[in-house]
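Novice: need a structure here:
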Amino acid sequence: MHDGEESLDDWFLRAVLVHETILMRYLYRNWQDNPSEVEDLCQEVLTRVYTAARQERPKYVKAFMLNTACNLLSDKVRRAQVVRIEAVMDMESLNISSDDVGAEEKVSAKQELKYLQAALNDLPVKSRQVIELRRIHGFSQKETAQRLGITESAVESHIQRSVRKLSKSLRYVSEIAANRYETKKIPVILKGTDI
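Specialist: Sure, this is the predicted structure:
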């Protein structure tokens, strides 16, 4: 370290953590699938920014941080597997011990599933069938078209309209979670360079 040069930890506290609230809002808005994961995602983004800054500190910190968040979410989406909603809703019947999960998280997860189910039920019948076959059961566009007796372009059209409608229907869930974060704010703890 040169004389007068700010340490990495001091720089991180001054230049990065001031944007944590913006990062959390971004994550809540863009990770609506599971808002309970947002705090972990935030820590992952901060870790990646810190690690990258060891090599070279970004000139535009907020943009770099949000771009890192975008890349992380993209990676998670690519790795995600299709899970049937019914399977998630029937998890209680498996009698799996969930001592590590708090009552608030259980209630929140059940509410999110109810909101999703209600949003799916609000879709027109054909659109709901397309979403269930494509996104829940994992059928291809061609298989979905054949099963429903419609064209592949009609399947794509149903998907586009349905995803927009579901997104609008579920947006308020992430806004509720974001507001909950604003009232709760958990401090980030740094341990030297062992992030």
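Novice: in the chain, what secondary structure element scores lowest on mean pLDDT?
Specialist: Least confident helix or strand of the chain, by mean pLDDT, DSSP states H and E, is helix 85-89 with a mean of 47.
Novice: now the strands for the chain?
Specialist: Shown for the chain, no strands are assigned by DSSP state E.
Novice: Okay, Thr68 and Thr47: tell me how far apart.
Specialist: 10 Å (C-beta to C-beta, to the nearest Å). Glycine gets a C-beta too; all of them are placed from N, C-alpha and C.
Novice: Which one's more surrounded, the two?
Specialist: Per other C-beta atoms under 10 Å, whichever of Thr68 and Thr47 has more neighbours is Thr68, with 20 against 12.
Novice: and the more buried one, what is it in contact with?
Specialist: 45, 48-49, 52 (C-beta atoms under 8 Å, 6 or more residues apart in numbering).
Novice: Go again with 6 Å.
Specialist: 45, 48-49 (C-beta atoms under 6 Å, 6 or more residues apart in numbering).
Novice: tell me the domain ranges of this structure?
Specialist: 8-79, 85-184 (automatic domain parsing).
Novice: Show me the least confident stretch of those domains, going by mean pLDDT.
Specialist: Here those differ in mean pLDDT, and the lowest is domain 85-184 at a mean of 71.
Novice: Okay, helices next: where are they in this protein?
Specialist: Using DSSP state H, the helices of the chain run over 8-11, 20-30, 38-55, 61-79, 85-89, 103-121, 125-131, 141-148, 152-184.
Novice: returning to that earlier point: out of the domains of the chain, deepest packed?
Specialist: domain 8-79 (a mean of 16; mean count of other C-beta atoms under 10 Å).
Novice: What separation do you get for Val130 and Ala118?
Specialist: 18 Å.
Novice: same question, Glu6
Specialist: In terms of C-beta to C-beta, Glu6 sits 51 Å off from Ala118.
Novice: now Leu133
Specialist: On the measure of C-beta to C-beta, Leu133 and Ala118 end up 20 Å apart.
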